[in-house]
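K.L.:
Got a predicted structure plus its sequence, pasted below:
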Protein chains: 2
Amino acid sequence: MEFLCDNTIRWYHFEKGDNMHIEINRVSKTPLYLQVKNQIKNMIISGALPADFNLPSERTLSADLKLNRSTIVKAYSDLKAEGFVESYVGKGTVILAQLSKDKSAEKTYIPPLRWNQLESRLFKRNNEQTITNMLSIFEKDKIISFASGIPSEDSYPMEKFGELQVDMLKKYKEKLFMPVGVEGSSELKTAIKGLLNAKDIIVTLKQLIITTGSQQGIDFWGKLFIEPGDIVIVEEPTFTGAIQTFEAYGARIIGIPIDETGMDLNILETCLLKYRPKFIYCQPTFHNPTGITMSLQKRKELLKLAYYYQIPILEDDPYSEIRFEGEHLPTLKALDTHDYVVYLSSFSKTLSFSLRVGFIAGNESVLNRITGFKQLSDIQTNTQAQYFVSEFINSGYYKTHLDFIKNKYKKKCDLMVALLSQSKIQGLKLQVPQGGYFLWCKLPDTLRLSELIENASSYGILIMPGDVFYPNGVIGESYIRLNFSYPSEKDITEGVKRLIKAIKKCSNISRSSKASLYTTINPFL
Amino acid sequence: MEFLCDNTIRWYHFEKGDNMHIEINRVSKTPLYLQVKNQIKNMIISGALPADFNLPSERTLSADLKLNRSTIVKAYSDLKAEGFVESYVGKGTVILAQLSKDKSAEKTYIPPLRWNQLESRLFKRNNEQTITNMLSIFEKDKIISFASGIPSEDSYPMEKFGELQVDMLKKYKEKLFMPVGVEGSSELKTAIKGLLNAKDIIVTLKQLIITTGSQQGIDFWGKLFIEPGDIVIVEEPTFTGAIQTFEAYGARIIGIPIDETGMDLNILETCLLKYRPKFIYCQPTFHNPTGITMSLQKRKELLKLAYYYQIPILEDDPYSEIRFEGEHLPTLKALDTHDYVVYLSSFSKTLSFSLRVGFIAGNESVLNRITGFKQLSDIQTNTQAQYFVSEFINSGYYKTHLDFIKNKYKKKCDLMVALLSQSKIQGLKLQVPQGGYFLWCKLPDTLRLSELIENASSYGILIMPGDVFYPNGVIGESYIRLNFSYPSEKDITEGVKRLIKAIKKCSNISRSSKASLYTTINPFL
């Protein structure tokens, strides 16, 4: 406590360890009580003096600062009038923190929160609202959609579904509304285990968990394995949801071109050597968007490469039950003798998309981590939907239903192919699938994709532009994906007409050397 | 091309730019054909020569290496016999990459994939399997659980539920199995908007999305805002699912102690100043695990602090509809005049946990990002569950149901409190709530929590240890959380008996100075 000339500098220490620094300038024109008041006020506003904090008594402070007690009384009284402090009998003068926040003249303006600046930089914005848009159109009428990836409305055995729901209520009662565990109901897991066994995929119940659609499996897989900058291998083109998910986790995606027998394994091997990727994501059967099925020989070779380079494979297999023709091929998981493949599938394509019931099967330690993610994400998949699927499978009706939709979708596929073939649009080429949901079309070379999509929309026909299936987007500009599962046969007939009109409207197709141009761009059609 | 003494070193360049280095040692005892064969074989195995690659013709190679053509013929023929190459008319000798992977004697052992080493380091393992364990016990009998957080089995209006399902099938038909858009069905969003309006939360439909339970909202919020090392503020104790989620994204969690009126705002302000956290997560009403409700004054003061320090608040409000007594208090979101609060709730506590229907309401740009996450996670919440909830609300039965469960759970709460009070266990203190699901109990100070949990399990009674609700786990060792919504009144009676037995078994309770010890540990009970 020292006094230097007329400029008194006074450090005041509170007992509780907080510092309150008050500087008294005796030569200043500012009245002494105002010097005290303003400094305390600033300390309150800045937060240096916390709410509910006791100020020293007027007597103590006046003694410490060598000021008249009336000076401190006046300072405290002003602070009180402005709502910064309050005096209580037996407690003294206490700081009212909350009032300092908005009653002080300095802080009446509350700025809008800059939410964007708070966001983590780890997860990329996905600007593509494709799927959102695709889904939300289903409430509109008169638009024909070839752009979706869902079953048709008339594919649902509504009578059977109705019976099933009544039976389920009788059988399970309250249990329909109770939890079943993070990893899924044992009834459904057992039923799926049976389906998998029939496909030579042998798993224990611990190697199988139920997901809220297989997109959730892709998301958890990405979360588990991808660190920003990691390399991930996919087929090129591939499922948009996988591209966007892996990119959101910061992956660099390498696409391996495919031909009619699947991935080009030579290019794959070069990439495995060069990039040492984290994993290979792959849809071997009725691939989305091309409908292509990987040959048995390539499946075996792919596994050998995976073993050799010690790279895991995520096999996404939602379409393989919908085979119109040709022989059933074993899944990668069925061929995998060394636990390198994790297998995803769902009932979204065979039963109902909106049930959101899928599953993931494979390595137990991977599934343990994914169970942990699921617990912190949606805790479990809707109970009733799980019983719905297990009852449907166990009733034996699932096989009947698969036969029904295979027949139905084959007809639609054939119709779409026939109508497009009849159109005789030069340069239009079709990849006719043996099953699944999609017809992949190579457009005439001189046609601009964006113009086509626009024209098609103006005619009320939605199609999926090819570029969304390419990690880099560019090559895909020559392609569109047409879905034949969702539209009715009538809509297919009308929709193809509209599509042809849209193609004809936008193109003045050059009649030269399409075939050769085409093969230099992508050899697989 | 040079020849040095008898040691001929020969570099052979392929036209396509690949290098094949063959060194011929003319003084070696190894036959010349074997030297050629082994070097080519090694280049194939190492991957230096890729699959499908054409070897030079026998004639070219023999000329280049100055060897007899028969030497090369023998080398190639051995490579063929071992499955490394194949000869095709018009194409010459081609490397069979796939065969190099397992037919070569060097690589018959396929190592197990080291999955753990591939995992991303970004997401923490959550070792706590608490919720998983809690959920999976529901398939066991004879165990009484006070450890859950779900409605009781007998709380479901099963007849009404049955009617509803029949009506829904008639009304919506196939629509029940169709997609409704990522952000949720417009029917449910409109119904929830109505419920929110009645609570003075005014939002547009764009400021509201349906989530698969509100845990999904917490997960997406964490994903959107947390980068590893970010500070996050929560009440202490708080909901385990929030702690684990924020920690999984790498947050450092600061817990703010609560008393009977909610968070200690002085400590909060000190932490806001000191740590500049990303956000405040908070359950103002019937807080899990303590059942405490934040006072109106504190709600207002908390908002002022948020505005002043520009920190967003995530308000988690699943229990507020279940008020037994006392006056309804406005939510933070209802009091928020500056769009700083994002509001989470669900139907998991009021209707059925396993429906997995929750929602998140607030700032539109935040919800846009969250919609993006949802699209890449589960695409949408189960359609039927969404219609189920909207029909239940729109039928007007929701209000009736809330009255029913409020009455039911109040009775159970009263019963549990009465039985525990009668037990006269010294040092046991109860935080009696005005609503919600939980009774928070301070244990006698000399009792070890782990011993109690173990004893309780051995008597067939499950209770939730307090430490799981603390970011650091330590203080919580004095507490347990008892749920009264799930067990029947009969089970509460029996369960409390077992719990008292378990407490008495493990403790030789010291009879001295518990109260004072207790207040020095945590002043809020």
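P.N.:
Looks like it came in fine. For clarity, every value in this text was computed on a predicted model and none was experimentally measured.

K.L.:
Tell me which stretches of the stretch 351-500 of chain A form strands.
P.N.:
A:358-361, A:429-431, A:438-442, A:461-462, A:464-465, A:479-483 (DSSP state E, counting those that start in this stretch).

K.L.:
got any ranges where chain A has weak pLDDT?
P.N.:
The model of chain A has pLDDT under 70 over residues A:1-19, A:97-108, A:124-141, A:473-476, A:507-525.

K.L.:
Please parse it into its domains.
P.N.:
A:7-107, A:130-140+A:401-521, A:155-399 (automatic domain parsing).

K.L.:
Pick the most deeply packed of those.
P.N.:
domain A:155-399 (a mean of 21; mean count of other CB atoms under 10 Å in any protein chain shown). In short, each C-beta sits where N, CA and C put it, glycine included.

K.L.:
Tell me who's in contact with residue A:450.
P.N.:
residue A:465 (CB atoms under 8 Å, 6 or more residues apart in numbering or on different chains).

K.L.:
From residue A:480, how far out is it?
P.N.:
Per CB to CB, to the nearest Å, residue A:450 is found 12 Å from residue A:480.

K.L.:
And for residue A:443?
P.N.:
6 Å.

K.L.:
any common contacting residues for the two?
P.N.:
Shared contacts of residue A:443 and residue A:480, defined by CB under 8 Å, 6+ apart, comprise A:449, A:452.

K.L.:
following the host helix or strand of residue A:169, which helix or strand comes up?
P.N.:
In the assignment (DSSP states H and E), residue A:169 maps to helix A:158-172. Later in the chain than helix A:158-172, the nearest helix or strand by DSSP H and E is helix A:186-198.

K.L.:
gap between the longest helix that chain A contains and the chain center?
P.N.:
Ranked by residue count under DSSP state H, the longest helix found in chain A is helix A:397-422. Chain-centre distance of helix A:397-422: 30 Å, with CA atoms, centre = their mean, to the nearest Å.

K.L.:
so how far is chain B from residue A:69?
P.N.:
29 Å (CB to the nearest CB, to the nearest Å).

K.L.:
so what's that residue up against?
P.N.:
A:58-59, A:62.

K.L.:
So out of everything in the stretch 401-525 of chain A, what residue is nearest chain B?
P.N.:
Relative to chain B, the nearest point of the stretch 401-525 of chain A is residue A:486 (9.7 Å; CB to the nearest CB).

K.L.:
mind checking the SS state of the residue nearest to that residue when sequence neighbours are not counted?
P.N.:
Distances taken as CB to CB, 6 or more residues apart in numbering or on different chains place residue A:148 nearest to residue A:486, at 4.7 Å, with adjacent residues excluded. Look at residue A:148: counting by DSSP: H, G, I helix; E, B strand; the rest coil, its state is coil.

K.L.:
Up against chain B, what does the stretch 351-500 of chain A have?
P.N.:
Residues of the stretch 351-500 of chain A found near chain B (CB under 8 Å from any CB of the partner chain) are A:352-356, A:363, A:365-366, A:369, A:371-373, A:375-385.

K.L.:
which bits of the stretch 201-350 of chain A sit near chain B?
P.N.:
Near chain B, when you scan the stretch 201-350 of chain A using CB under 8 Å from any CB, you find A:212-213, A:215-216, A:219, A:223-227, A:230, A:241, A:244-245, A:248-249, A:265-266, A:269-270, A:273, A:278-279, A:300-301, A:304-305, A:307-308, A:310, A:312, A:338-340.

K.L.:
Among these, which ones are in helices?
P.N.:
Per DSSP H, helices hold the following members of these: A:215-216, A:219, A:223-225, A:241, A:244-245, A:248, A:265-266, A:269-270, A:273, A:300-301, A:304-305, A:307-308.

K.L.:
which non-adjacent residue is nearest residue A:43?
P.N.:
residue A:49 (4.5 Å).

K.L.:
Quick check: the gap between residue A:367 and chain B.
P.N.:
10 Å.

K.L.:
Residue A:206 is in contact with that residue, correct?
P.N.:
Yes: the pair residue A:367 / residue A:206 is scored as a contact, 7.2 Å apart, by CB atoms under 8 Å.

K.L.:
ok so, going back, right, so of the strands of the stretch 351-500 of chain A, which gets closest to residue B:112?
P.N.:
Minimum separation from residue B:112 across these (CB to CB) falls at strand A:358-361, 17.6 Å.
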